[in-house]
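[1] Using only what follows, build the 3D model:
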Amino acid sequence: MSNTILPTSDPLVRQALALIRLQVLTPLSVLVSIGATLVCAVVVRPTMGEISRNHPTSVSPLGVMVGVYWLILWVGLVGYCILLVMARKEETKATIVHGVGLRLVLANWLIAFWSIAFALEFFVTSVILLSLTLLLFLSIFLTLLLHPPHTSRPLDYVFIHVPMRMLVMGTLVQGLPLGVFLAAGWVDNLHAPEGGGNVEWGKYAWPAFGFIIGLNSLALIEVALLKDLPTALSGTWLVLSVGLARPKPTPVFIAVILFAVLYPLVWIAAFAWGRLRRADAGRIVLPEQTEGEGEREGLAREEAGV
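    Below you'll find the predicted structure:
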């Protein structure tokens, strides 16, 4: 029996082999990531939520809103895994292989290790792992720009582009500031010491203000340039989760209110501007008539009527 050798120099063959690898590795990594996070958030004591409550900061979010955000995100990742297995269109396969690739697999494993480090309260290690994860998500976001969604492939948008943008926002706007504050020890004292003393909170309000303004401004620019609805919705939800976790100092409240208004406003303005530009481009521009041409046309009409 003769052996069949695949022509690996063929780009389509290489893409097919890469897709097969992803069909095995990606669902496994998603399962590990979700499982590790759930164990650290629910089973292990203290849980991730209890650790956050024991170390309150000026950028700490409301736990319920964070849970809802990641639940939606996990549903999107499960949908991505299903799409990965069921993909039939070549454009979808190219988006998965070249737009996302193995970087999502590596990022999922980093999230699993980050959950363990956070549960063990190794905050410096956790912020390093989260920073590496963010770099991977940003690289996925950039390569996905080369594979834009199309109305003929709505599932690509729902299960590829939306989850990846939510991952970027979750790590950039929320996870990174919280990790930096915990690693730096910028923690508020919301309870008086047993031996007596003052309750101190809001001591690091201005660093929190700077993080919120700086990181959300980057996301806001992306919303304006790409008319990115998932990023706008994610940003609004995440800044509100910070503002609704009390107490919060005044500078943080100002930043939260500012971006809770700006995210939808900028998206609406960018969307309306895009529609106006398309409408202007679709108009037919008629050539201007000179005064002599107008007179000659008038005489011709008069002669035709005689």
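[2] only C-alpha atoms for contact and neighbour calcs from this point on.
    Will do.
[3] Residue 202 belongs to a strand?
    No. Using DSSP: H, G, I helix; E, B strand; the rest coil, the secondary structure at residue 202 is coil, not a strand.
[4] Backbone dihedrals for the closest residue to it other than its chain neighbours, both of them.
    Among residues not flanking residue 202 along the chain, residue 249 sits closest, at 5.2 Å (C-alpha to C-alpha, 6 or more residues apart in numbering). Main-chain torsions, residue 249, degrees, to the nearest 10: phi -70, psi 160.
[5] For residue 249, grab the count of nearby residues.
    Residue 249 is flanked by 19 other residues according to other C-alpha atoms under 10 Å.
[6] Please enumerate the helices of the stretch 51-200 of the chain.
    Along the stretch 51-200 of the chain, counting by DSSP state H, counting those that start in this stretch, helices occupy 63-86, 90-94, 103-119, 123-144, 154-156, 162-169, 176-184.
[7] tally of neighbours for the residue nearest to residue 79 when sequence neighbours are not counted?
    Spatial nearest neighbour of residue 79, excluding adjacent residues (C-alpha to C-alpha, 6+ apart): residue 159 at 5.6 Å. By other C-alpha under 10 Å, 21 other residues sit near residue 159.
[8] change the start of the numbering to 36 and stick with it
    Okay, residue one is now 36; in that scheme the one you just asked about reads as residue 194.
[9] any idea how far residue 105 is from residue 194?
    14 Å (C-alpha to C-alpha, to the nearest Å).
[10] do the same with residue 72
    For residue 72 relative to residue 105 (C-alpha to C-alpha), the value is 10 Å.
[11] about what we covered before: show me what contacts the residue nearest to residue 114?
    Contact analysis of residue 194 by C-alpha atoms under 8 Å, 6 or more residues apart in numbering lists 111, 112, 114, 115, 118.
[12] and the closest residue to residue 90 other than its chain neighbours, what pLDDT?
    Using C-alpha to C-alpha, 6+ apart and skipping the chain neighbours, the partner closest in space to residue 90 is residue 222 (5.8 Å). At residue 222, the model reports a pLDDT of 91.
[13] where's residue 222 relative to residue 96, distance?
    For residue 222, the distance to residue 96 - C-alpha to C-alpha - is 14 Å.
[14] Compare the two (neighbour count), which wins?
    Taking neighbours as other C-alpha under 10 Å, residue 222 and residue 96 compare with residue 96 leading, 24 against 21.
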